[in-house]
Every structure is written in C-alpha cells, then in structure tokens.
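Chemist: need the 3D shape of this:
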Amino acid sequence: MTPVLLPVINLAVALALSSLVVLLVGESPFRAWKLLTVGAFGSGEAIGYTLYYATTFVFTGLAVAVAFHGGLFNIGAEGQAYLGGLGVALVCLAAGAWPSLLVIPAAVVSAAAFGAAWALLPGWLQARRGSHIVITTIMFNFIASSLMTYLLVNVLIKPGQQSPETREFAPSTWLPQLHEVLSAVGWQLGRSPVNLSSVFALIACGVVWFYLWRTRWGYALRVFGHSETAAAYAGIAPTRTVVVAMSMSGALAGLMSVNEIMGVQHRLLLNFPGGAGYVGIAVALMGRNHPAGIVLAAVLFGALYQGGSELSFDVPTLTRDIVVVIQGLIILVCGAFEHALRRPVDALLRGPAPVRDQTVDELAETSATTR
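Modeler: Okay, here's the model as predicted:
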C-alpha cells in the first residue's frame, strides 16, 4: 500500500506548496489549478498535446528507471536522446522514397542503437575503470551537444540556409498522427502532434516490465542493484550487468527522438530534447521506477507542460517560470523528501503497536523463577 499512497501524498504536498507560491504572486490557486486542468484535458486537442509531451517523458523515465534498478544513476538521457535523433535523421535523410513500412522500423532501430552506443561507454568506464556514472553521463551530455552543433552547422545543414537544421524529410518518413488515424474510424481527437510513437512508448513499457520482472536477466539486474556483493556471490557478472543496463537505458532514451524528429519536426534541429532527459529523472522517481507508475507520472508532467502553457496565456502574472517552479517543487518533494514522509506513512498503515499484557508476562516470569 505504501508504494501507491506515498506518491499521492508527495504530490498533494507539492501542490499545496505550489498553491502558496501562486498566492504569493497574488492569484487564486483554485482558479490557477482550474485553468491548468482545462488547458491540459479540456478538449481533444489539449489531451493530444498532453499525451505528446507524456510520450517523450515515458521514454526518458523508462531509461532512468532501468539504470536505477541496476544501482546506476543515469543522468545522460539528454545526450543519449540527442544521439538517437542523429540516428533517426541519418535513416530518414537516406531513405528518400522508401516505403513507410520500411523506414519506420529502420529509424526506430537506429534511434535505439545510437542511444545505446552513447550510453555503453560510460557503463564500461563505470564497470571496468570505476568512473562514476553520474559524472561521465553528465559529461557525455555536453559532448553530445557539441557534436550535434558541429554536425548541424558544418555537415548536415541544408544548403543555402543559416538555421542549423537539416532539410525536411520526405513525407514517407513521417509518423502518422493519431488524430488522423482515429478520424478514419470515426473518433475525433482534435489536431495535435501526438503520433504513433505513443503506441511505441506503451510497447516499451510492456517490454521493460517483462524484462525486469519476468526474465532471469531482469532478476539479475535487480539483484545487482540491491547488492553488488550478493550478485557477485551468486555468479552475476558485474561488468556485463552494468554495460547491458546502461545500453538498454540509452536505447530507451534514444527512442524519445522518434516522437520529436519523425512525429513532429520532420527534420533534425538543435536542442530538440529540450530538457526531457532531466524531466525523465523526476518521472522515474515519482513513478517508483515501475512502468505503470512512469506512465502516470509522465501524463502528470505532460499536463503541467501543456496546461502551464495555457495558464501563462490566460493569467499573465503566472508566467512559464512559475510553472517551472511548480515542476521543481514536485521533483523536490518526490525526490528529496520521499524518505522523510515514508516513516509516517508506514506507521499510519501499521496502526498502533499491540499493548503487551503485563499480567501474563509477570506470571510467566514468576513461574520460570519458581522452577
């Protein structure tokens, strides 16, 4: 019960603190939350945008969660998504008039492969050289950003333009939009950027769940995450476990680029991850590193992104920075204060401790003494 109740309490505390921030700005918290909710879920178009953001956060949240189950704190999902986007772009640029049934699987595999390759080296350095995974993955984020800047300015840029981005991909490489697919069967979702990658995200959740809790490799990963010493005693190879975990994590982060590059932008451009790799850390923490919880947390952060944008339009005093503050409070409470709230919740669920019957205890002690 605690794993379910604790995130709810954390979220309630974060929203209460956010309401105080809104009051300090001089606005009504009830009006602000109403506008934010309507902006995120009040129409088919709003729901579509919320799901579009959530899809990105599902991939990055899964990436962080898989590494975390192995005792690894992957901060490099941002850079791994960047390199995944490079893999997608190279396939789409080379595809030309290839049929979609061939382009989409090739781009998905390429995104996963490039992301996995970018995470593999920090994993190897952690396993074989003792380099701290947090430091190396952060450094690789900056390397990925510099590499992409060089490629988009000097190599992949469309001839005759100054904007650092590639040419637009052929329409056959674009992912179908869900509102187009649903309208074909009579459902009206409203025009939004949510696309077929949302289905890929749900499939990824199922695959991650099956791997972690229904395979011996996933069990070995979780054992290693709990105790490296016990894992080594059980015959689990530390180097292979770390490298595989980081490769899977990087592959999931790389798949995030499919949503953005093939589903919306249809070109490779600078800074397309937009901080989603770091948001994925909060999503994984709030989702308890479980795919089902990650989906719910991703929808919450997607709603904050979409509803926060609408809120800033309707209430100018509640700027986008205020929404970032709210996100930060949720991350702070769900991350830093998690263990502070765990004990009271555990005590509440256990109830009062049973009262010892002093008379029975005294009689038993007297009987033992007499004997």
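Chemist: in the chain, where is pLDDT below threshold?
Modeler: In the predicted model of the chain, residues 1-4, 186, 188, 335-343, 345-346, 348-349, 351-371 satisfy pLDDT under 70.
Chemist: OK, contacts around the most centrally placed residue in it?
Modeler: Closest residue to the average C-alpha location of the chain: residue 61 at 1.9 Å, with C-alpha atoms, centre = their mean. By C-beta atoms under 8 Å, 6 or more residues apart in numbering, the residues touching residue 61 are 280, 283, 284, 287, 294, 297, 298. Bear in mind the C-beta positions are built from the backbone N, C-alpha and C, glycine included.
Chemist: so it is in which element?
Modeler: Residue 61 is part of helix 44-69, with elements assigned from DSSP states H and E.
Chemist: same check, this time on residue 37
Modeler: When elements are defined using DSSP H and E, residue 37 is found to belong to helix 29-41.
Chemist: same for that helix, what does it pack against?
Modeler: Contact here means 3 or more C-beta pairs under 8 Å, 6 or more residues apart in numbering; DSSP states H and E; on that basis helix 29-41 packs against helix 2-25, helix 44-69, helix 291-314.
Chemist: what segments of the stretch 51-200 of the chain are helices?
Modeler: Using DSSP state H, counting those that start in this stretch, the helices of the stretch 51-200 of the chain run over 77-95, 100-124, 133-150, 178-184, 197-214.
Chemist: would JSON lines of those helices with mean neighbour count be doable?
Modeler: Rendered in JSON lines, the data for those read as follows (neighbours: other C-beta atoms under 10 Å):
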{"stretch": "helix 77-95", "mean neighbour count": "27"}
{"stretch": "helix 100-124", "mean neighbour count": "22"}
{"stretch": "helix 133-150", "mean neighbour count": "18"}
{"stretch": "helix 178-184", "mean neighbour count": "15"}
{"stretch": "helix 197-214", "mean neighbour count": "17"}
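Chemist: reformat the ones you listed as a markdown table; add distance to residue 264.
Modeler: As requested, the helices of the stretch 51-200 of the chain are arranged in a markdown table below (distance: least, C-beta to C-beta, whole Å):
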| stretch | distance to residue 264 |
| --- | --- |
| helix 77-95 | 12 |
| helix 100-124 | 14 |
| helix 133-150 | 18 |
| helix 178-184 | 12 |
| helix 197-214 | 9 |
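Chemist: for residue 260, which of the ones you listed is the nearest?
Modeler: Each of those was scored for nearness to residue 260 using C-beta to C-beta, and the closest is helix 77-95 (7.0 Å).
Chemist: tell me what that closest one is packed against?
Modeler: helix 44-69, helix 100-124, helix 133-150, helix 238-257, helix 276-286.
Chemist: list the buried residues for stretch 269-286?
Modeler: Under the neighbour-count criterion of 16 or more other C-beta atoms under 10 Å, stretch 269-286 has 269, 272-273, 276-286 buried.
Chemist: can you check stretch 299-314 too?
Modeler: The neighbour-count check on stretch 299-314 (16+ other C-beta under 10 Å) flags 299-312 as buried.
Chemist: would you map out the domains in this protein?
Modeler: If you go by automatic domain parsing, the domain ranges for the chain are 1-27+319-371, 56-300.
Chemist: residues in contact with stretch 210-225?
Modeler: The contact list for stretch 210-225, computed with C-beta under 8 Å, 6+ apart, reads 66, 68-72, 230-231, 234, 236, 238, 241-242, 244-245, 248.
Chemist: filter the residues you listed to the buried ones?
Modeler: In the contacts of stretch 210-225, the ones that pass as buried (16+ other C-beta under 10 Å) are 66, 68-72, 231, 236, 241-242, 244-245, 248.
Chemist: just give me the closest of the residues you listed to residue 162.
Modeler: Each of the buried ones among the contacts of stretch 210-225 was scored against residue 162 by C-beta to C-beta, and residue 248 proved nearest at 38.7 Å.
Chemist: since that was my last question, I'll sign off now.
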